[in-house]
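Participant: Sequence plus the predicted model coming up.
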Amino acid sequence: MSEVKKNENTTAPKVDTRKMEINKFSLLFNKMGIWIIVIALMILGMIVSKGQFFTSSNIQSILEAVALTGMVCSGLFYVTYSGNMTDMSVPITMAFGGVMAIQCINFGFIGAILAGVLTGVVIGLINGFMIGKMRANAIIWTLALNLLLSGVIRVVWQGKMLYAEKIADEAHQNSANLFYSISRTYIGGIISLMAIVMLVMFVISWLILTQTGFGQKLKIIGTNYEVARFSGIDCTKQIITAYVINGVCSSIAGIFYAALRKCASYENGTGYDFDALTAILLGGVALTGGKGSMVGTFGGVLAYGLLNNCLSWIGLGTYTKYLVQGIVFLFIVWMNTYSNRKLGKA
């Protein structure tokens with residue numbers, strides 16, 4: 001009898017004693033991480049500004065500071081989401097968009113804007129074809145194109161800065177003045193046109209991502225390119241579309257930047273590739289693709305601007321700001337990675 005009981009005990013299934021609970025903090029941070037940071041920065045801002053943080057002038061300052069970066073992010077998101085990491089030609093797309101807009105000022109204000117945007121479309125098509133169709137390395141190709149187009153601008157325009165009022169003939173001086181005014185226009189005297197354009201671009205990008213088949217297909221491509229290809233998705237077409245959207249958004253940012261500086265040159269846009277990618281990663285977008293949201297990306301842009309604003313209220317110098325920004329951003333990226341690992345998503 002004891003022998004039978006012994007056999008029954010040895011064949012009984014083992015109980016899984018491993019911890020199966022989901023880490024609640026990791027789940028919360030994974031879902032709302034960047035917005036927790038945004039709220040924390042707002043509270044910090046109220047403390048260091050002594051109640052002046054939510055004044056209209058300070059809100060204006062924050063939105064203006066992130067407007068150009070936000071415009072770039074609304075397009076660069078698709079490149080990163082598709083699994084192609086980033087676009088190193090963003091700075092020259094911005095620069096070229098501004099150069100062509102000012103160069104074409106004699107076609108009128110609308111003609112100049114269309115010329116700048118069309119420049120972004122062409123650059124996006126070139127990038128999309130080489131990376132989507134020819135499967136060129138996204139980083140190396142876009143970096144090479146950035147250098148090439150930078151050389152083209154320097155040679156064609158001899159490294160000179162372009163001024164709309166100097167290029168415009170007498171009949172189009174008003175177009176030149178109107179071009180400069182777009183970065184200095186305030187709607188209702190409260191919010192700048194640049195900030196409104198950025199918000200509209202984010203809304204349009206969100207609708208494209210969530211309400212179209214393109215957004216769903218791009219998610220699959222970013223998650224696993226081969227699975228997407230064998231599923232019948234036209235990966236080349238989707239990636240080209242992502243780069244065209246990115247080119248358009250970057251060129252629009254470049255047009256506003258040229259208007260803000262009152263000139264266009266090959267150096268306009270320098271650094272915006274890194275700033276935009278940082279904001280995108282802060283918003284929870286995976287560098288490997290297939291994960292992230294437009295809402296989170298907007299949160300990343302806000303966090304970027306709020307931190308800069310808080311550091312300005314504290315009174316830190318430029319180099320100290322870079323140090324603090326680096327530490328904070330590394331911490332946020334680490335927290336994103338940590339929460340993903342705890343939830344089995346990384």
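Facilitator: Arrived safely, thanks for sending.

Participant: From now on I want contacts and neighbour counts done on CA atoms only, so please keep to that.
Facilitator: Noted.

Participant: give the contact list for the residue sitting nearest the centre point of the chain.
Facilitator: In the chain, the centroid-proximal residue (Cα atoms, centre = their mean) is residue 73; its distance is 1.8 Å. Neighbour list for residue 73: 276, 277, 279, 280, 297, 301 [criterion: Cα atoms under 8 Å, 6 or more residues apart in numbering].

Participant: quick one: buried residues of the lengthiest helix in the chain?
Facilitator: Longest helix of the chain, by residue count under DSSP state H: helix 235-261. Across helix 235-261, burial judged by 16 or more other Cα atoms under 10 Å covers 235-236, 238-260.

Participant: Which strands or helices does it pack on?
Facilitator: helix 56-79, helix 90-103, helix 108-128, helix 173-181, helix 213-223, helix 225-230 (3 or more Cα pairs under 8 Å, 6 or more residues apart in numbering; DSSP states H and E).

Participant: hang on, the earlier thing: the residue nearest to the centre of the chain and residue 188, how far apart?
Facilitator: The gap separating residue 73 from residue 188 is 26 Å, by Cα to Cα, to the nearest Å.

Participant: burial of residue 231, as a residue count?
Facilitator: 10 (other Cα atoms under 10 Å).

Participant: My error: substitute residue 212 in the last question.
Facilitator: The number of residues packed near residue 212 is 11, by other Cα under 10 Å.

Participant: what's the closest non-adjacent residue to residue 220?
Facilitator: Nearest non-adjacent residue to residue 220, counting by Cα to Cα, 6 or more residues apart in numbering: residue 228, 5.7 Å away.

Participant: my guess is that neighbour contacts residue 221, does it?
Facilitator: Yes: shown here, residue 228 and residue 221 form a contact pair, counting by Cα atoms under 8 Å, at 5.3 Å.

Participant: just to revisit the earlier point, okay, the helices and strands packed on helix 235-261, which one's buried deepest?
Facilitator: Most buried of the helices and strands packed on helix 235-261, by mean neighbour count (mean count of other Cα atoms under 10 Å): helix 90-103, with a mean of 31.

Participant: now that helix and helix 173-181, what's the angle there?
Facilitator: If you take axes from the mean of the first three to the mean of the last three Cα atoms, to 10 degrees, helix 90-103 sits at 150 degrees to helix 173-181.

Participant: Can I get helix 90-103 as CSV, trimmed to CA atoms?
Facilitator: Extracted in CSV, the C-alpha atoms of helix 90-103 (Å, rounded to 0.1, in the frame of the first residue of the first chain):
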residue,chain,number,x,y,z
VAL,A,90,16.6,65.4,-41.7
PRO,A,91,18.9,68.4,-41.3
ILE,A,92,19.6,68.8,-45.0
THR,A,93,15.9,68.3,-45.9
MET,A,94,15.1,71.2,-43.6
ALA,A,95,17.8,73.3,-45.1
PHE,A,96,17.0,72.4,-48.7
GLY,A,97,13.3,73.1,-48.1
GLY,A,98,14.1,76.6,-46.8
VAL,A,99,16.5,77.3,-49.6
MET,A,100,14.1,76.3,-52.3
ALA,A,101,11.3,78.3,-50.7
ILE,A,102,13.3,81.5,-50.6
GLN,A,103,14.8,80.8,-54.0
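
Participant: follow-up on the earlier one: any common contacting residues for residue 228 and residue 221?
Facilitator: Shared contacts of residue 228 and residue 221, defined by Cα under 8 Å, 6+ apart, comprise residue 235.
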